[in-house]
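Asks: Could you look at this predicted model? Sequence included:
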Amino acid sequence: MPVDLNNAQPLAWDSASLNADTKAMLDNLQPNILRAHVREYLTVLFVRFNDVAEGKRFLRHVATTHMKSARKQLEEMRAFSRERKPGSAYVGIGISKAGYRDLGHSVEDVRRFGDKVFRDGMKRRVALVDDPPVEQWDNTYQREIHAVILIGDARPEPVERVREEILGELPQSARLLGEETGQGMRNPAGDGIEHFGYVDGRSQPLFLKDEIDQEPKEHWNPAFPLSNILVADPFAPNPARHFGSYFVFRKLEQNVRAFKEIERDLADGLGLTGADRPRAGAMLVGRFKDGTPVTSKPKAAGGPVQNDFTFDADDGSKCPFSGHIRKTNPRSFGRNVLMARRGQTYGERTDQPWDDAPPETRPSGDVGLLFMAFNSSLVDQFEFTQQSWANNPDFQNPATGHDPVIGQGGRDIKVTFPKVWGRPEQSLPQPQVAQTVTMRGGEYFFMPSLAFLRTL
Ligand code: HEM
């Protein structure tokens, strides 16, 4: 039976009764798509090929020598949770539109990718999502990137070793255009955080039965059909069994000092004192630093990071409509927009991102998020989120304002904030908070099936 991407039943990947097509799908899908692969240490290589045959041979070699399947990843994760047996390093390959073209696919051929945004490439979409002009991007991203190679692991040594091997195998004709290094950050509770100090990566669309079974789901259903992230790989030997995913990569620099000043000034402006002060930042992000959703509680609550909530009973007096997590997942609609986020923080910190040290001690550049996400449609998921929700000041209601974390474009309207959690009194209209996240470049890729890569 062909794989039904719209099946509402979560995938029981370990079931003995899986049909042959689904088994083949799991054996040919790249890891890290269906479920996040551990990648505390991550290297991202951006490559350009100048010889078709050598480029293909290199990718085929990386696929056959270093890459595992989605099924192998899931088996390794199970072995780790049962016996603490560490798995192998993650290696993922994405190819850009330019990459497919310069590896010998005609323009006609590339049209078989249904996603127009992928066929355009990120540079041609700048105006639509209010990105900075390409001339302001980091040099790596100004060039024409053909492929991205991700190498990740829980420990630094395997990443270093696999990186050396892969770079050693890069043909003379190819160029390494650039490289990013990501490293996970955690708060004292052990939860992964981003540079503003907030727990990140908690809310995800989940696709696998064993993962979904572990989640409470009284209010929010975290189960999503595979159609949110998978599409048939148009160039694979058997597109009914061989799937891939569109991958967005964006380097987002965070001005932590400015964000911390904004949190402080907003708390001052709203007259928040003592344990109420962190509500200022929580209204910008939608969660407190420890991950507690501000729609559920007026203060950080500690304990496991809650994700079983909606905004249905919140008219904006708890979590403003502009709050980052409310804009990027309103929860009562737009489920098909949700991407599988696989980002990683970059840049070194000498301070402790989660503590209450003064803003002056925080970095104002060189740190940020390597934003990465899997989509089945870049136009309807990543770009829609950025353009129609984050950058749209009239999201859900007039004068909601931009997403204070990732919104781009002129922030000319004024906004208000609830003064007391859950009460109707609003602050006087005030200018929106300044933009503190700057896009430094990126590209759209397709992460093809292993079957495609192995037959290059
Ligand atoms: C430096 C940039 C960014 C920062 C600091 C950031 C921070 C966060 C934080 C702290 C959370 C809450 C943790 C969670 O619910 O998992 C979150 C969630 C989320 N972010 Fe971001 N983010 C950034 C960029 C983006 C971008 C570019 C997008 C998409 C255009 C995005 C989409 C989302 C989504 C969809 C969620 C989950 C919302 C939910 O399901 O409740 N983020 N982000």
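Replies: Yep, that arrived. Numbers count the residues shown, from 1 in each chain.
Asks: Identify the residues contacting the closest residue to Gln408 other than its chain neighbours.
Replies: With Cβ to Cβ, 6 or more residues apart in numbering as the criterion, Gln408 has its nearest non-adjacent residue at 3.9 Å, and that residue is Asp130. No exception for glycine: its C-beta is placed from N, CA and C like everyone else's. If a contact means Cβ atoms under 8 Å, 6 or more residues apart in numbering, then Asp130 has 387, 391, 408-409 as its contacts.
Asks: Distance-wise, check the spatially most central residue of the chain relative to Pro216.
Replies: Note on the chain: the residue nearest the mean C-alpha position is Arg341, at 2.9 Å, using Cα atoms, centre = their mean. Applying Cβ to Cβ, to the nearest Å, the value for Arg341 to Pro216 is 20 Å.
Asks: Now the phi/psi pair for Glu164, please.
Replies: Backbone torsions for Glu164, taken as degrees, to the nearest 10, come to phi -60, psi -50.
Asks: Would you mind listing what in this protein touches the ligand?
Replies: Within the chain, the positions near the ligand by Cβ under 6 Å from any ligand atom are 194, 196, 198-203, 252, 254, 285, 287, 324-325, 328-329, 338, 341, 368-369, 371, 382, 385-386, 390, 405-406, 437.
Asks: Counting neighbours, what do you get for the closest residue to the ligand within the stretch 151-300 of the chain?
Replies: Nearest residue of the stretch 151-300 of the chain to the ligand (Cβ to the nearest ligand atom) works out as Ser203 at 3.2 Å. Other residues lying near Ser203 total 22 when counted by other Cβ atoms under 10 Å.
Asks: ok, the closest residue to it other than its chain neighbours - contacts?
Replies: Sequence neighbours aside, Asn307 is the residue nearest to Ser203 in space, at 5.1 Å (criterion: Cβ to Cβ, 6+ apart). By Cβ under 8 Å, 6+ apart, Asn307 lies in contact with 202-203, 215, 220, 222.
Asks: ok, now with 10 Å
Replies: Residues near Asn307 by Cβ atoms under 10 Å, 6 or more residues apart in numbering: 202-204, 215-217, 219-220, 222, 287, 291, 293.
Asks: quick one on the thing from earlier: settle this for me: the residue nearest to the centre of the chain is touching Ala373, isn't it.
Replies: Yes - using Cβ atoms under 10 Å, Arg341 is in contact with Ala373, at 4.8 Å.
Asks: what helix or strand is Ala240 on?
Replies: Secondary structure from DSSP states H and E places Ala240 outside every helix and strand.
Asks: Tell me which residues touch it, please.
Replies: 2-3, 21, 24-25, 232.
Asks: ok, now with 7 Å
Replies: 2, 21 (Cβ atoms under 7 Å, 6 or more residues apart in numbering).
Asks: For Leu11, see how far away it is.
Replies: As judged by Cβ to Cβ, Ala240 and Leu11 stand 16 Å apart.
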